[in-house]
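Colleague: Turn this into a model:
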Amino acid sequence: MFAQRPVIVLNPNTKREQGRKVQLGNIAAAKAVADVIRTCLGPQAMLKMLMDPMGGIVMTNDGNAILREIQVQHPAAKSMIEISRTQDEECGDGTTSVIILAGEMLGVAEHFLEDNTHPTVIIAAYRQALEDIIEILKEKSVEVDVNDDAELFKIVKSSIGTKFIGRYEDLACRIAIDAVRRVRIDDVGGRCEIDIKRYAKIEKIPGGTVEDSIVVDGVMINKDVTHGKMSRRIENPRILLLDTNLEYKKGESQTNIEITKEEDFTKLLQMEEDFIKKTCEEVIAAKPDLVFTEKGVSDLAQHYLMKANISVIRRVRKTDNNRIARSCGATVVHETNEIREEDIGKECGLFEIRKFGDEYFTFIEACKNPKACTILLRGASKDVLNEVERNLQDAMQVVRNVLVEPRLLPGGGAVEMYVSRSLRDRAKSISGTGQWPYKAVSRALEVIPRTLIQNCGANTIRTLTALRAKHSSIDGVQSGDSTDNSTWGVNAETGELVDMVELGIWEPLSVKLQTYKTAIETAILLLRIDDIVSGTKKSTGDDEVKPKSAEPSEESMKE
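Modeller: Below is the predicted model of the structure:
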């Protein structure tokens, strides 16, 4: 009989962890990420200062911006950071809430795992709770009139009241609403298209104060005219947009020309000049006052165009060219011999070049019906401007969400308490062990009002108990009055309980739906994991590479 040899499947250098240890490790990692940004929720949020490897500094309380800069090793922590990015891309708001909520959803599942409840039972209860939450939120949401500026102001204030720009909230609200309305295009089918990323550009110029920030009725780019004698101010200009060279075309690859006679060289130069002259004549024939090109402009072309009293700006970015086209009604032309009268933009009211600091900026403004705009931000330093830009992006996303889906929910933790109470009531009708994880979801939702109370320095236990009591009196029947208490939440400035309808704190339904879906689905995903195999690099020479621990160390979370 031969002795049976052990079968080695995994590389000996890999580290493998299985079972309960992995699940509890994932929960610990998720809670550690949530704890990093827990203090960044609400209007009394603290800022985080982060230093990147290049020595740059980021000061922000935006959940996504913080987690983007943090380096983590644990795979579960990486997936938590990913959900913050997803929330930011999808809604622009709720990046901090989604991480705190996901961390709490996993936190409440911990003692079920310790009691040997199978993860599948917990997951089934979480899925059922998510379906019920979506149904409750849609029932609770109220329609809003998107043409009413006062209503939109309230919604945007709720979003930016928690940010650095909160002290300039009236200015920020006006800028965000103006910018989004300008880039909105209503399709024939009643669907509206709002592309903030492409057509609402933010330009940051250090200097001045935040109050000097404006929305330009058109486009602003960091360029000057190519020749000093060209006009720097033109009223009602005819604008031509090109993405072709106004210089002699060079060969695609290395080109060799063999010349035998001296006259041939002269002829070659003459051909180049003739080509540029012909190109310029085709441009001049269209009678534009202003030409933008994405490519270069030779000295000879500048000379011809200057003589024709045409101002030229070269090497414009393609994105800027597209925004100019949307602003002034022009079409980007690819060949000069294809220019038609309808390609010329005639809707611009003023072209002017202004100087800020040491740099020149081109303004194309007073457009009749601009479908693109530029937000000009001023501020004391680059750090302030970067934070204001992040806050404004969030504000514009909120306006976009409301215009696309005009339904709102009360903020300040009111909707979380309402959903929590509704889930507790529904849990009574659920039989079997699934009832307890279902109830745990209702407990986890209370983390949002609890964190808001903590961050403003109020008494957490007393305030949260009072808020629970408010919501437990269904529609005020038990407390003897006829008012609806389901809109009561926390005033996160003072820590007092107030009616969110009176305070005017509202949140878009789309943001809340996305927050709950992302948080619960991430918790479900991480609870399903029962095995982590971490591969390691090959050891070189005498240096032995130790496999990384799957447990998150305090140092890795703080990096």
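Colleague: show me the residues around the closest residue to I214 other than its chain neighbours that make contact.
Modeller: Take I214 and drop its neighbours on the chain: the residue closest to it by Cβ to Cβ, 6 or more residues apart in numbering is L376, 5.3 Å away. For glycine as for every other residue, the C-beta is placed from the backbone atoms N, C-alpha and C. Applying Cβ atoms under 8 Å, 6 or more residues apart in numbering to L376 gives the contacts 203, 205, 213-216, 220.
Colleague: And for L408?
Modeller: If a contact means Cβ under 8 Å, 6+ apart, then L408 has 141-142, 144, 155, 402, 506-509 as its contacts.
Colleague: do the same with W506
Modeller: Contacts of W506 (Cβ under 8 Å, 6+ apart): 144, 154-155, 158, 408-411, 500.
Colleague: can you tell me which of these lies nearest to Y248?
Modeller: Distance to Y248, by Cβ to Cβ, is smallest for I155 among those, at 55.3 Å.
Colleague: Is it correct that that closest one is in contact with V142?
Modeller: No: taking contacts as Cβ atoms under 8 Å, I155 lies outside contact range of V142: 11.7 Å.
Colleague: Now render the contacts of L408 as CSV, adding pLDDT, distance to E281 and secondary structure.
Modeller: As requested, the contacts of L408 are arranged in CSV below (pLDDT from 0 to 100; distance: Cβ to Cβ, whole Å; DSSP: H, G, I helix; E, B strand; the rest coil):
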residue, pLDDT, distance to E281, secondary structure
S141, 87, 62, coil
V142, 88, 63, strand
V144, 85, 56, coil
I155, 81, 55, helix
V402, 85, 51, helix
W506, 85, 60, strand
E507, 85, 59, strand
P508, 86, 55, strand
L509, 89, 58, helix
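Colleague: that older thread, adding distance to S97, neighbour count and pLDDT, write the contacts of L376 out as JSON lines.
Modeller: Shown next, in JSON lines, are those (distance: Cβ to Cβ, whole Å; neighbours: other Cβ atoms under 10 Å; pLDDT from 0 to 100):
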{"residue": "E203", "distance to S97": "30", "neighbour count": "18", "pLDDT": "89"}
{"residue": "I205", "distance to S97": "33", "neighbour count": "18", "pLDDT": "89"}
{"residue": "S213", "distance to S97": "27", "neighbour count": "24", "pLDDT": "88"}
{"residue": "I214", "distance to S97": "31", "neighbour count": "17", "pLDDT": "88"}
{"residue": "V215", "distance to S97": "28", "neighbour count": "18", "pLDDT": "88"}
{"residue": "V216", "distance to S97": "33", "neighbour count": "23", "pLDDT": "87"}
{"residue": "M220", "distance to S97": "34", "neighbour count": "22", "pLDDT": "90"}
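Colleague: The residues you listed in strands, which ones?
Modeller: Per DSSP state E, strands hold the following members of these: 203, 205, 214-216, 220.
Colleague: thinking again about what came up before, any idea how far the residue nearest to I214 lies from V225?
Modeller: Applying Cβ to Cβ, to the nearest Å, the value for L376 to V225 is 20 Å.
Colleague: picking up where we left off before, tell me the one of the contacts of L408 nearest F275?
Modeller: Distances from F275 to the contacts of L408, taken by Cβ to Cβ, are shortest for V402, at 53.6 Å.
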